[in-house]
Structure formats: structure tokens, C-alpha cells
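>>> structural data only, the sequence is not supplied:
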Ligand SMILES: O=c1[nH]c(=O)c2[nH]c(=O)[nH]c2[nH]1
């Protein structure tokens, strides 16, 4: 029985890149957390300690900053694609590159006269936009996967949600709820089937489909809501082949005020932070192409 080296990759995680475009008095900002990972001919590095094929993670970080300025990019997806292609096309030992990006959104400050400020913003969040690009192989055989996403999309509805009729066993004490608060902080990733996408427009329409469905569907359970959200995204954005959703059920328990002789008519809750239900679902076109390495997260952030 022999011991062998299995799959491996390496890169620089979480380079914080802020790009300000200041060609006109109205500046533009992009605020990114960029991670790069390379796969390729790195057996000798692991087995013999031979660094001759190893592009230092420091060089990967420098490239991330240099390309932020030098590459022509509007959207984060374009930037990720350019970076990943560079590592695969220009660095000989690299067979596959993955670029994972978290993007933090900034909203322009509005001044007293209602005008948007040219160079001041307020962070919008905690919601974070995510991008994961994987590029593999050379020339005509090169393949590319793009997964967009959002995380920490915190959303709550104060009615229009119930949970009843569930299976009962000897340990079931949960009371059925005909009208409850439903809240989550959604993590979702969607895999594109093409690169012919208006990336910012797709993000906006997918986010809108997610939140509008959460709001408008009268929910019988978070599972039903998640599936409906996934369907809505596939219907709103034909370039999406598959979406994966993960939703912590942020329980809001009606607080027992009867002990003080006070009636609680669904107004005062204990917002519990743990434990929480965790509901996950994938919704996809049944003829979607194989996902390949699209979902193989490097940092776990994206
Ligand atoms: O929407 C829900 N789904 C569940 O599976 C579940 N389980 C539970 O205790 N509460 C809820 N709510």
C-alpha cells in the first residue's frame, strides 16, 4: 500500500481591494475581498520541496492589485474572469485557477437637497455579493464556470408564514403556528450556463426575485419558501442553470408575558440566535450541464 499526494491547491486568501474610479468628479467605488487558488503541476513542491513551479502566493496577491487597475473591467465577474484566465493562460504550471470574491456594497450619501454625493458612501449590508470563477485547461479545450451569489441577505416577514401539520413523535413538543414571524439570513449561489450575461443586471434581477418571493408567498414552511425562491430565480434569469440556497431559520419565539398578566398578541418575541433550523435546497433545470468544479469552494467564504 502506497501513500500518495491527493488533490491540492494553493493561493492567497482575502486580499482586500478597493477600486475608486476618479476620472470625473463623480467617483465610483468597488470594494472587494479577493481570493485566488491555483491547481497544476505542484507535485514536486509537496513531495520534494521544489519551488521551481510555485508562483508565490505573494505574487498572486500583487497580481490581484495590479489587475484591479490594469484590466478593463466594469463588473466583479469580469475582473474575476480576467484574473483566472491570466493565471491559467500565462503561468505555465497552472492548469486550473479559481477566483473567489466577496463584494461589499456602498450606497451614495444623499445630501439635504436630495442630491447624491459624488464621493461619499455608507456601507450597505450585512448583505454581501459573491462571485466564484473557475477556469481550467488551455486553448479551445478551456472551460469556465461562474457562480454568482449573495450571503447574509437578512430578511424578515411579520406575518404570512405558518408551520403546522408536521410529523409528531414522542419528543415533539412544538406547537403548530398559524401565524408566525419568519426570518432568515440567506446564503445563495447560482451557477450560470453561459458567459453571455449582463452580470450586474443579472444580480439585481435575481436578488429581486429572491426577496419578492419571500415577501409575497404565503409560506407553509421555510422549505416551501426556499423552493419557490429558487424557481423564481430560474424563471427570472434564463442564464442560471442551478441555484443552491441555505437558510437558517431565525426563530422568533413569542415571549411569555402571561406570567405578568400581560397579553401577548404576537407583538413581543425572543429572537433566539441558536440553535437554529438550517434549511438547504438546490433548484435546477433538469437538463443542466454537469457542475464540474463550480462549487468547490476554496475559502469557504463563497
Ligand atoms: O419552516 C420550518 N421548517 C421546519 O422544518 C421546521 N421545524 C421547526 O421546528 N420549525 C420549522 N419551520
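On my side now, so go ahead. In this text, all values refer to a predicted model and were calculated from it rather than measured experimentally.
>>> so residue 221 sits against residue 176, correct?
No: counting by Cβ atoms under 8 Å, residue 221 stays clear of residue 176, with 11.5 Å between them. To be clear about C-beta, it is placed using only N, CA and C from the backbone, and glycine gets the same treatment.
>>> give me the common contacts of these two.
In the contact map built from Cβ atoms under 8 Å, 6 or more residues apart in numbering, the residues linked to both residue 221 and residue 176 are residue 163.
>>> more neighbours: which of these two?
The residue with more neighbours, out of residue 221 and residue 176, is residue 221; 18 against 11, by other Cβ atoms under 10 Å.
>>> tell me the contacts of the closest residue to that one other than its chain neighbours?
Nearest residue to residue 221 in three dimensions, chain neighbours excluded: residue 163, at 5.5 Å (Cβ to Cβ, 6 or more residues apart in numbering). Residue 163 makes contacts with 176, 177, 180, 220, 221, as judged by Cβ under 8 Å, 6+ apart.
>>> who in the stretch 151-300 of the chain is up against the ligand?
163, 174, 221, 222, 223, 249, 277 (Cβ under 6 Å from any ligand atom).
>>> any quick PyMOL command for the buried ones out of those?
Burial among those is assessed by 16 or more other Cβ atoms under 10 Å; the matching PyMOL selection reads:
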select buried, resi 163+221+222+223+249
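>>> which of the residues of the stretch 151-300 of the chain next to the ligand fall in strands?
If you go by DSSP state E, these have 249, 277 in strands.
>>> pretty sure residue 202 contacts residue 239?
Yes: counting by Cβ under 8 Å, residue 202 does reach residue 239; the two are 6.5 Å apart.
>>> common neighbours of these two, please.
By Cβ under 8 Å, 6+ apart, the residues touching both residue 202 and residue 239 are residue 192.
>>> now do the contacts for the nearest residue to residue 71 once chain neighbours are set aside.
Excluding the flanking residues, the one nearest residue 71 by Cβ to Cβ, 6+ apart is residue 82, at 4.4 Å. By Cβ under 8 Å, 6+ apart, the residues touching residue 82 are 67, 71, 73.
>>> show me what secondary structure element comes after the helix or strand harbouring residue 82.
Per DSSP states H and E, residue 82 falls inside helix 76-90. Later in the chain than helix 76-90, the nearest helix or strand by DSSP H and E is strand 94-110.
>>> report the angle between the axes of that following strand and helix 76-90?
Note on geometry: by axes from the mean of the first three to the mean of the last three Cα atoms, to 10 degrees, strand 94-110 and helix 76-90 are set 160 degrees apart in direction.
>>> packing partners of strand 94-110?
strand 28-40, helix 76-90, strand 116-136 (3 or more Cβ pairs under 8 Å, 6 or more residues apart in numbering; DSSP states H and E).
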